[in-house]
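A.B. asks: Need a 3D model of the sequence below.
(one chain, ligands or ions: 1)
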Amino acid sequence: MNPDPARHASRLRIVLVGTQHPGNIGSAARALKTMGLARLVLVAPEKSPNAESSALAAGADDVLDAAAVYPDLAAAVADCRLVLGCTARSRRVQLEELLPREAASRAVAEAAAGAEVALVFGRERTGLDNHELQLCHAAVHIPANPDYSSLNLAAAVQVLAYELRLALLDDAGPTGQAEPRDPPAAHDEMEGLFAHLSQTLEQIDFHKGRAPESAMRKLRRMFLRARLDQREVRLLHGILADAERMAMLAGRR
Ligand code: SAH
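C.D. replies: Below you'll find the model as predicted:
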């Protein structure tokens with residue numbers, strides 16, 4: 001059984017600062033829930049969540065209803081060991097700037113280590129102010145069109161929530177795979193496979209007079225790129241052995 005991808009999600013909170021449109025709060029709740037996240041935090045929203053929020057939450061009312069509300073950002077992230085601030089404008093601040101993917105992998109690594117983590121989003125009109133950005137350990141910028149880089153608030157939340165989802169799934173190990181992976185094949189196991197492959201190619205007369213080196217170089221590159229595990233190497237040995245047996249039978253005929 002793979003570990004539950006959501007097991008660290010409970011330490012990840014999405015903080016919306018000073019949101020102006022209640023609809024965006026609902027859309028953000030939906031964005032979180034689709035990605036298996038549940039902790040929405042509101043800092044001094046201009047209007048409290050209303051019917052429009054619920055309509056846009058579209059079934060994510062549980063996330064919306066559970067949203068905690070704080071008077072300021074410092075209070076909302078007081079217990080966090082990592083605070084990442086999402087900004088629509090690149091390089092505006094004297095902060096390390098991360099891509100969403102880097103931010104998500106750092107966030108999940110911290111959460112996996114037991115820390116509370118916040119991803120912070122600013123106001124629709126003006127984003128996060130300088131004081132709020134100074135509370136952040138790093139900035140996150142979605143590398144959008146530089147001439148039109150400001151996403152709708154809930155759309156930006158969706159992009160980050162998706163990256164968090166991928167990082168959580170990655171942390172939980174390969175999913176949807178029927179069998180757990182064997183240990184990766186070691187160098188000498190790969191060399192054993194290449195020796196067998198080379199011998200089989202001779203026996204089935206694959207090269208037809210051409211020098212075997214070029215094909216072997218390509219095959220080596222291909223199999224090394226695939227990062228085979230031990231079971232996969234055994235499977236290939238089995239196929240090669242059968243090919244050799246068939247070649248021998250054909251030769252006898
Ligand atoms: N006019 C504002 C835009 C705010 S958009 C400004 O220039 O700052 C509302 C929020 O969505 C932003 O504060 C930010 O948290 C998030 N956001 C929008 N586009 C983003 C982008 N390209 N990268 C990261 N966050 C973004």
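A.B. asks: Need the three-state assignment for the residue lying closest to residue 99 once chain neighbours are set aside.
C.D. replies: Of all residues not flanking residue 99 in the chain, residue 143 sits nearest, at 6.5 Å (C-beta to C-beta, 6 or more residues apart in numbering). (C-beta placed from N, C-alpha, C; glycine too.) Following DSSP: H, G, I helix; E, B strand; the rest coil, the label given to residue 143 is coil.
A.B. asks: Give me the neighbour count for residue 143.
C.D. replies: 10 (other C-beta atoms under 10 Å).
A.B. asks: How is this structure partitioned into domains?
C.D. replies: 6-169, 187-252 (automatic domain parsing).
A.B. asks: Pick the most buried one from the ones you listed.
C.D. replies: domain 6-169 (a mean of 19; mean count of other C-beta atoms under 10 Å).
A.B. asks: ok now that one, how far from the chain's centre?
C.D. replies: A distance of 16 Å separates the centroid of the chain from that of domain 6-169, by C-alpha atoms, centre = their mean, to the nearest Å.
A.B. asks: Between the two ends of it, what distance do you get?
C.D. replies: 8 Å (C-alpha to C-alpha, to the nearest Å).
A.B. asks: returning to that earlier point: in a markdown table, list the domains of the chain along with mean pLDDT.
C.D. replies: Below are those laid out as a markdown table (pLDDT from 0 to 100):
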| stretch | mean pLDDT |
| --- | --- |
| domain 6-169 | 96 |
| domain 187-252 | 88 |
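A.B. asks: what about those domains, which gets the closest to the ligand?
C.D. replies: domain 6-169 (2.4 Å; C-beta to the nearest ligand atom).
A.B. asks: Give me the distance between residue 170 and residue 67.
C.D. replies: Separation of residue 170 from residue 67 (C-beta to C-beta, to the nearest Å) stands at 27 Å.
A.B. asks: try residue 89
C.D. replies: Noted for residue 89: a distance of 27 Å to residue 67, by C-beta to C-beta.
A.B. asks: who's in contact with the closest residue to residue 202 other than its chain neighbours?
C.D. replies: If the residues on either side of it in the chain are set aside, residue 202 comes closest to residue 212, at 7.4 Å by C-beta to C-beta, 6+ apart. Counting by C-beta atoms under 8 Å, 6 or more residues apart in numbering, residue 212 touches 198, 201, 202.
A.B. asks: With distance to the ligand added, can I get those in a markdown table?
C.D. replies: Listed next are the contacts of residue 212 as a markdown table, based on distance: C-beta to the nearest ligand atom, whole Å:
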| residue | distance to the ligand |
| --- | --- |
| 198 | 51 |
| 201 | 51 |
| 202 | 57 |
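A.B. asks: Reformat these as JSON lines; add secondary structure and distance to residue 223.
C.D. replies: As requested, the contacts of residue 212 are exported to JSON lines (DSSP: H, G, I helix; E, B strand; the rest coil; distance: C-beta to C-beta, whole Å):
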{"residue": "198", "secondary structure": "helix", "distance to residue 223": "12"}
{"residue": "201", "secondary structure": "helix", "distance to residue 223": "13"}
{"residue": "202", "secondary structure": "helix", "distance to residue 223": "18"}
